[in-house]
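Visitor: starting from these lines, generate the structure:
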Amino acid sequence: MGAAEKPPLAHAPMGVANGCFVESVALLDAWHEKGGGESWSKLLRWGAKEEAEVVAGHAVAVVERQGTLWCWDVNFGWAALAVNVTQRESAEVVAGPVVARYAKVTAQFPLYMADFPQTSGLWPAAQLANANLAIRDASRVGERLARRRPVNVVVFTEGAGAAARENAATVFVFGGRYCVYVPDRGTVPFRVQGGVENLRLIQQLLRRMTGEVGVVRKL
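Guide: Numbering: from 1, shown residues only. Okay, here's the model as predicted:
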């Protein structure tokens, strides 16, 4: 990578499971914190139609710096995109060189998401030493994303009987979507209205994501 291709921002990922969406949100947050708030930036995701939910896909962050479009992908880091900046609003065009790194993947239904200013609130500290990896990752994501928006980290019972286990989720709003991150499944942006403290709503959405869900409580 030459001097002209120096990455626009040094950034270390959180290293959480199935974290492409939340890692991209964290990158965009860092971008704004470092003075990129006035520049163009979007979260690019693919794998689901606009009206679809609970569909596996991938997400990356795309920003503009000094007339060049850059993509940050949790799997590859930064890459300058061979896309004319005048085409930056076309998710289909921008997705082309991004997805080219995935030889066996087709970018179905590429979509942009962009956040709006929110007020952060209280959140639990990351429990990095927790033996339950779901709680470890969900709490880490909660601590990071809460710097710029309300966040709720919850634990819940998944399954029934001998198969029941304790799982965890991080709930936040991004781009007007109610987003639920479950470490072993990834993030689903839902088209619903409600506050991140609404445990009944969270339980309903977790059931759509994971199946049988019992008690949901705030971490």
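Visitor: where along the chain do the helices fall?
Guide: Per DSSP state H, the chain carries helices over the ranges 20-31, 91-99, 133-145, 199-210.
Visitor: and residue 129, how many neighbours?
Guide: Look at residue 129: counted by other C-beta atoms under 10 Å, it has 6 neighbours. The way it works is simple: take the backbone N, C-alpha and C, and place the C-beta from them, glycine included.
Visitor: what about the longest strand in this structure?
Guide: Determined from DSSP state E, the single longest strand within the chain is strand 165-174.
Visitor: that one pairs with which strands?
Guide: If you go by DSSP bridges, strand 165-174 pairs up with strand 151-158 (antiparallel), strand 177-182 (antiparallel).
Visitor: now it, how far from the centre of its chain.
Guide: Averaging C-alpha positions (C-alpha atoms, centre = their mean, to the nearest Å) puts strand 165-174 12 Å from its chain's average.
Visitor: residues of that strand that come out buried?
Guide: For strand 165-174, burial by neighbour count (16 or more other C-beta atoms under 10 Å) applies to 167, 168, 169, 170, 171, 172, 173, 174.
Visitor: can you check stretch 110-126 too?
Guide: 110, 111, 112, 113, 115, 123, 124, 126.
Visitor: what about that stretch, distance to the chain center?
Guide: When C-alpha coordinates are averaged (C-alpha atoms, centre = their mean), stretch 110-126 and its chain have centres 9 Å apart.
Visitor: what is the mean pLDDT for that stretch?
Guide: Mean pLDDT, stretch 110-126: 87.
Visitor: list the contacts of it.
Guide: For stretch 110-126, the surrounding residues in contact (C-beta atoms under 8 Å, 6 or more residues apart in numbering) are 25, 28, 41-46, 48, 50, 89, 91-92, 94-95, 136, 139-140, 142-144, 146-153, 173-177, 189, 219.
Visitor: give me the distance between the two termini of it.
Guide: Start and end residues of stretch 110-126 are separated by 32 Å (C-alpha to C-alpha, to the nearest Å).
Visitor: check stretch 173-190 too.
Guide: Taking C-alpha to C-alpha, stretch 173-190 runs 9 Å from one end to the other.
Visitor: mind listing what's buried in that stretch?
Guide: 173-175, 177-183, 185-190.
Visitor: now, which of the buried residues of strand 165-174 sits nearest residue 198?
Guide: residue 171 (8.7 Å; C-beta to C-beta).
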